[in-house]
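In: show me the folded form of this:
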Amino acid sequence: IGVAAMGPRMCRLGGEIADLVQVNWMNPERIAWARQQVRRGAEGRMAGLAAAEPEVASYVRASLGQGAALRVGAEAARYATMPQYARTFAAMGVASVGIAAPDPAVAPALIEPYLAALDETIVRPVVTMPAAESPDLNDVFEALGVLMEVASTFAPAPAMES
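Out: Reported below is the predicted structural model:
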């Protein structure tokens, strides 16, 4: 069972009944807060669940290269029009969260706090998709370039054979 949660009641409910709590649009500090709420709920956890408390997972929006901050900010602004997301941003005192790295070389360091705060991290690329019916080829290549850069930067390392 998975529960999507952003506020304290859903986080606590997830702690009571879920195997996984999926948080969204949170910085590492807010994820730590959500995990505390999940643990509070786990104090009244249903019998028969596999673990003493659920795993906590989240999307981490990431955009790399020129315009990265604008892309992540625009995505956050769309979500901030919905009350539940606006409350989460307000509670964190930010307008956006995620990874916006004009220099892709710094991106691995930027994701470390998320990896430390989460049991499962889902990197979600943020690109500006061409809006035109027949987009300019340069716009298409730019979007593909960002997707490929995010994929190669955050791809899991191959397993080492012993």
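In: ok, now which ones touch Ser58?
Out: Ser58 sits next to Gln22, Val23, Asn24, Met26, Ile31, Tyr114, Leu118, Glu120, Thr121, Ile122 when contact means CB atoms under 8 Å, 6 or more residues apart in numbering. Heads up, the C-betas are built off the backbone N, CA and C, glycines and all.
In: pLDDT, distance to Ala86 and neighbour count added to those, as CSV?
Out: Shown next, in CSV, are these (pLDDT from 0 to 100; distance: CB to CB, whole Å; neighbours: other CB atoms under 10 Å):
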residue, pLDDT, distance to Ala86, neighbour count
Gln22, 97, 19, 19
Val23, 97, 16, 26
Asn24, 93, 13, 18
Met26, 96, 14, 27
Ile31, 97, 18, 22
Tyr114, 94, 22, 22
Leu118, 96, 23, 20
Glu120, 94, 25, 11
Thr121, 92, 24, 17
Ile122, 89, 22, 12
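In: phi, psi for Ala52 please.
Out: phi -70, psi -30 (degrees, to the nearest 10).
In: now do Asp103 against Thr121, distance only.
Out: Taking CB to CB, to the nearest Å as the criterion, Asp103 is separated from Thr121 by 21 Å.
In: before we move on, the earlier item: for the contacts of Ser58, which one is nearest Gly67?
Out: In terms of CB to CB, no member of the contacts of Ser58 lies closer to Gly67 than Tyr114, at 21.6 Å.
In: wait, that closest one touches Ile31, no?
Out: Yes - counting by CB atoms under 8 Å, Ile31 is a contact partner of Tyr114 at 7.4 Å.
In: which residue ranges form the strands in this structure?
Out: Under the criterion DSSP state E, the chain contains strands at 2-4, 20-23, 55-64, 99-101, 120-125.
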